[in-house]
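K.L.:
How does the following fold in three dimensions:
(one chain, ligands or ions: 2)
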Amino acid sequence: MGKQARAIVDLSIKDLVKDLNKAYCDEWLAFYLYWYMAQVVSGKAYEDIKEMLEKLAKDELEHAGEIADLIIKLGDFPTANPMDLEKNANAPYMMPPKNTADINRIIRIVTEAEATAIEVYNKIAKKALGKDHVTYQLITHILSEEVDHEEIFENFLER
Ligand SMILES: [Fe+2]
Ligand SMILES: [Fe+2]
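P.N.:
Ligands and ions are numbered 1, 2, ... in the order given. As a prediction, the model looks like this:
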């Protein structure tokens, strides 16, 4: 991002980068959690859940990349050490269930993580609205995908 592009950001870039980096760490934790659960899930009718966990994991990794790109554009760097991801995230890592056939527990973990993501992005979008158009655009795009994620897994519960 050039000088003028940064100059029109009507927010503290330091605070904005802090919020974005927390979301970046959340995305990595969600990616790992979903990816891991996709590997281990078992039991009756696990295939649909496995496929959706893989799809969501891919989306979360994409979000991490998009946020990293934005942080770098703003002149900073995201968390470098994976050991710091949980410490810098908005929410602690949720452990997958020991019983890998507990699909209801998996669904609840995903819907809880998605609810947190929706809350986090809603807050950042509100802060960026009218203040930083580039951040607003990216964050609302990610938010709409988290909204879809929550719905996909809530629908599994209702079945
Ligand atoms: Fe995400
Ligand atoms: Fe998500």
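K.L.:
Please give the element, helix or strand, for the one residue in the chain that gets nearest to ligand 1.
P.N.:
Relative to ligand 1, the nearest point of the chain is residue 63 (3.6 Å; CB to the ion). Every C-beta, even on glycine, is put in place using the N, C-alpha and C of the backbone. Residue 63 belongs to helix 47-73 when assigned by DSSP states H and E.
K.L.:
Check which residues of that helix are buried.
P.N.:
Applying a neighbour-count criterion of 16 or more other CB atoms under 10 Å, the buried positions in helix 47-73 are 49-50, 52-53, 56-57, 59-61, 63-64, 66-68, 70-71.
K.L.:
again, but for stretch 94-108
P.N.:
94, 96, 97, 100, 102, 103, 106, 107.
K.L.:
Just give me how far the helix holding residue 63 sits from the chain centre.
P.N.:
From the chain centre to the centre of helix 47-73 is a distance of 7 Å (CA atoms, centre = their mean, to the nearest Å).
K.L.:
so who does the residue of the chain closest to ligand 1 touch?
P.N.:
23, 27, 142, 145 (CB atoms under 8 Å, 6 or more residues apart in numbering).
K.L.:
Next up, phi/psi of the residue nearest to residue 118 when sequence neighbours are not counted, please.
P.N.:
Leaving aside its sequence neighbours, residue 118 sits nearest to residue 146 (CB to CB, 6 or more residues apart in numbering; 5.1 Å). The phi/psi pair for residue 146 (degrees, to the nearest 10) reads phi -70, psi -40.
K.L.:
Distance check, residue 146 against residue 27.
P.N.:
In this structure, residue 146 and residue 27 are 10 Å apart, going by CB to CB, to the nearest Å.
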